[in-house]
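# The sequence and its predicted three-dimensional model are supplied below.
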Amino acid sequence: MNEEIISQFPTLNNRNYLASCSQGLLPAGTSSAMTAYHEELLTNGTNWDAAMEMLEKARESFAGLIGADTDEIAVVSSVSHAISAVATAFPDSLTRDEIIFTDLDFPTVADVWFSQARFQGKLHVIPAEQGEISLESFEKYINEKTLLTSIPHVHYKSGLRMDIREIAEMAHRYGSLLFVDAYQSAGHCPIHVKEMGIDFLTTGTRKYLLGIPGIAFLYINKETTEKLQPGITGWLGKGKIGARKFDTGTPSFISAYTARASLDLIQSVGVHRIAAYLKELGVYTVQYGCEKGLRLYGTEQLENRTSLTAFAHPQAAEVVRKLQNKGVVLTAKDNIIRIAPHFYNTRQDIERAIDEIVLLSE
C-alpha cells in the first residue's frame with residue numbers, strides 16, 4: 001500500500017501496530033468524524049436529526065460492503081447483542097429446534113446459546129481437529145432437525161477462514177439457516193451475503209472496519225426476517241419492516257459517525273484490493289516467522305488462512321507486554337501470539353515484530 005494510505009493513520013508514527021484482530025487503527029478521517037459529532041453538540045446542544053441521518057448512512061454503507069439491501073440491516077450495540085437478538089426471535093412452535101455451532105466460534109456464541117432455556121439439550125458443538133473443521137464434520141452434525149448452524153468466517157485465534165459457500169449449501173440442503181460471525185473478516189475479506197448463501201451475518205466495527213465500540217450490524221435476509229419476531233426490541237424498531245425491526249433504543253451516535261467514515265474509507269480502497277495485499281503479507285508472515293524458528297499455530301494450509309497469523313509461545317502474554325513497551329503492538333490469546341496486519345502495514349512491520357519476538361525468546 002502507498003504512503004498516502006499509511007499517512008492516514010497517525011498512530012503509525014510511534015507504533016508498529018499489528019493488532020487489528022483486537023482493535024483496528026483509527027484513521028484520521030474517522031477521528032475528524034468524532035470531532036464533528038462533538039462540535040455539533042457543543043454548538044447546538046442537540047443534533048438528533050443529523051445523528052439519525054448519519055446512522056442511516058452507516059447502515060447504507062455497511063449494506064453496500066456485504067452486498068445486502070439497506071432494509072436487511074439492523075443496527076445493534078454489539079455482536080453479542082446481535083446473536084442474542086436472533087436467539088430470542090424464533091416463534092414458539094418450531095418443527096426444527098436444534099442449534100449447531102463450533103468450538104472455533106468466539107466464546108460469546110456459546111454463552112448466548114447456552115443461556116437460552118428453550119434450546120437446552122438441543123445444542124451441538126462441532127469440535128475442531130488439528131485446528132480445522134472439515135466439511136465432513138458439518139455433514140455429520142447438520143440434519144433435518146437443525147434450525148440454525150453458526151460459524152465464524154475467520155477463527156479469532158488462528159486466522160483460519162471457513163468455506164462459507166460450501167457450508168451454506170450443505171446447511172440449506174437440510175433446511176438449516178446459516179449464521180456467520182464476520183468480526184474477524186469484515187473489512188479485509190470480500191463478503192457478498194447473497195452469493196455466499198448467508199441467512200444471518202453480524203460484525204462490529206472496532207476491528208478490521210477501523211471504528212470504535214458501541215455499534216454493530218446484523219444482516220438478516222428478507223425471507224428469514226418475515227418468520228422472526230424480535231424478543232429484544234425497542235422504540236426504534238417498532239412498526240419497522242425487514243431487519244430494521246431488530247433496531248432497539250437510541251444508539252451510540254458517535255459510533256455511527258465513526259462507522260460511516262471508516263466504512264467509506266474501506267470501500268474507497270476496495271476490499272478486494274485489501275484482501276489481495278493482505279494475502280501476500282500473510283504468506284510472508286508465516287514464511288518469515290517459521291524461518292526464524294517460531295512455531296505456527298493452526299492450519300499449515302496457506303490457502304485456508306487470512307493474514308491473521310498466530311505463533312505458539314509459552315510466555316505469550318509476557319512477550320506481548322514487553323513488546324508493547326518497545327512500541328510493537330501485538331495480542332496474546334492463551335499461549336499464542338497473534339500478528340494481525342491491515343492494509344496500512346508493511347513487510348518491514350512484520351519483520352521487526354518477529355525479530356523482537358525471537359530476541360525476547362532467547
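Arrived safely, thanks for sending.

# going forward, measure contacts and count neighbours with C-alpha atoms only.
Fine.

# Next, the nearest residue to residue 252 once chain neighbours are set aside: phi, psi?
The shortest distance from residue 252 to any residue other than its chain neighbours is 5.7 Å, reached at residue 214 (C-alpha to C-alpha, 6 or more residues apart in numbering). Recorded main-chain torsions at residue 214 are phi 110, psi -10, according to degrees, to the nearest 10.

# secondary structure element for residue 338?
Residue 338 is part of strand 336-339 when elements are defined by DSSP states H and E.

# got the residue ranges for the helices in the stretch 101-250 of the chain?
Using DSSP state H, counting those that start in this stretch, the helices found in the stretch 101-250 of the chain span residues 107-114, 135-141, 164-173, 193-196, 222-225.

# neighbours around residue 44, how many?
Burial of residue 44, expressed as a neighbour count using other C-alpha atoms under 10 Å, amounts to 8.

# Could you tell me the per-residue confidence at it?
The confidence metric pLDDT takes the value 96 at residue 44.

# roughly how far apart are it and residue 251?
Distance, residue 44 to residue 251, using C-alpha to C-alpha, to the nearest Å: 19 Å.

# ok, now how distant is the most centrally placed residue in the chain from residue 159?
Computing the C-alpha centroid of the chain and ranking residues by C-alpha atoms, centre = their mean puts residue 183 first, at 0.7 Å. Relative to residue 159, residue 183 is positioned 12 Å away (C-alpha to C-alpha).

# next one: stretch 331-350 to chain centre, how far?
16 Å (C-alpha atoms, centre = their mean, to the nearest Å).

# Return it as PDB; C-alpha atoms alone will do.
Coordinates of each C-alpha in stretch 331-350 appear next as PDB, following Å, rounded to 0.1, in the frame of the first residue of the first chain:
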ATOM      1  CA  THR A 331      -2.000  -9.500  21.100                       C
ATOM      2  CA  ALA A 332      -1.900 -12.700  23.100                       C
ATOM      3  CA  LYS A 333      -4.500 -15.400  23.500                       C
ATOM      4  CA  ASP A 334      -3.700 -18.300  25.800                       C
ATOM      5  CA  ASN A 335      -0.200 -19.400  24.700                       C
ATOM      6  CA  ILE A 336      -0.300 -17.900  21.300                       C
ATOM      7  CA  ILE A 337       0.900 -14.500  19.900                       C
ATOM      8  CA  ARG A 338      -1.300 -13.100  17.100                       C
ATOM      9  CA  ILE A 339       0.100 -10.900  14.400                       C
ATOM     10  CA  ALA A 340      -2.800  -9.200  12.600                       C
ATOM     11  CA  PRO A 341      -1.800  -6.700   9.900                       C
ATOM     12  CA  HIS A 342      -4.200  -4.500   7.900                       C
ATOM     13  CA  PHE A 343      -3.700  -2.600   4.700                       C
ATOM     14  CA  TYR A 344      -1.600   0.100   6.500                       C
ATOM     15  CA  ASN A 345       1.100  -2.400   7.400                       C
ATOM     16  CA  THR A 346       4.300  -3.400   5.500                       C
ATOM     17  CA  ARG A 347       6.700  -6.300   5.300                       C
ATOM     18  CA  GLN A 348       9.100  -4.300   7.400                       C
ATOM     19  CA  ASP A 349       6.500  -4.100  10.200                       C
ATOM     20  CA  ILE A 350       6.200  -7.900  10.100                       C
END
